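Asks: have a look at this prediction, sequence included:
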Amino acid sequence: MGNTPNPSRRLLLAALPALAVAAPASAAPHPDAELLAAAARFRALTATHAGFFETIEDDDERDEAIALMHADWEEALDALCDAPPARTLAGVVARAVALVEYDREMLKDRHGYWDGAQLAPLLRDLVALGGAP
């Protein structure tokens, strides 16, 4: 056997140049990266806000906690609303889920104006595509 490399090692060494060419230098960012990040931040702050009602019984204490996070929450809303238009289905779904998690009433059928009547089914479809309940 001596100093001769085994066949699997020889094949691996021979394949290295091809592997280097096949591997991308860096992954391209998601086309909706800014929108997805803004939606995730808004959703996290919305969950924090909702959690205050489950964990803080005292109204004054809860109001103080909400007041402390309100500026961040409003900034997150601005970032979500100002994010570039969605370029992928994931971006559209992220906006819909953020809206629905803020106001679950948006999923209920609305009667009256035709635009309201169409909004709830559209949001339900988008949220379902995202896998959210």
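Replies: Arrived safely, thanks for sending.

Asks: could you pull out the helices for this structure?
Replies: Here the chain has its helices, by DSSP state H, at 7-22, 33-55, 59-82, 89-102, 114-129.

Asks: figure out which of those is closest to Lys108.
Replies: Shortest distance between Lys108 and the helices of the chain, using CB to CB, is found for helix 114-129: 5.8 Å. Quick note: C-beta positions are derived from backbone N, CA and C, even for glycine.

Asks: wait, isn't Ala83 in contact with Ala40?
Replies: No. In terms of CB atoms under 8 Å, Ala83 does not count as a neighbour of Ala40; the distance is 11.3 Å.

Asks: winner for burial among the helices of the chain?
Replies: Of all the helices of the chain, helix 89-102 has the most neighbours on average by mean count of other CB atoms under 10 Å, namely a mean of 20.

Asks: what's the mean pLDDT across it?
Replies: Helix 89-102 shows a mean pLDDT of 93.

Asks: format the CA atom coordinates belonging to it as PDB.
Replies: Extracted in PDB, the C-alpha atoms of helix 89-102 (Å, rounded to 0.1, in the frame of the first residue of the first chain):
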ATOM      1  CA  LEU A  89     -45.400  35.500  -2.300                       C
ATOM      2  CA  ALA A  90     -43.500  35.300   1.000                       C
ATOM      3  CA  GLY A  91     -43.500  39.100   1.200                       C
ATOM      4  CA  VAL A  92     -47.200  39.400   0.600                       C
ATOM      5  CA  VAL A  93     -47.900  36.700   3.100                       C
ATOM      6  CA  ALA A  94     -45.700  38.400   5.700                       C
ATOM      7  CA  ARG A  95     -47.700  41.700   5.400                       C
ATOM      8  CA  ALA A  96     -51.000  39.800   5.700                       C
ATOM      9  CA  VAL A  97     -49.900  37.800   8.700                       C
ATOM     10  CA  ALA A  98     -48.600  41.000  10.400                       C
ATOM     11  CA  LEU A  99     -52.000  42.700   9.900                       C
ATOM     12  CA  VAL A 100     -54.000  39.700  11.100                       C
ATOM     13  CA  GLU A 101     -51.900  39.200  14.200                       C
ATOM     14  CA  TYR A 102     -52.500  42.800  15.000                       C
END
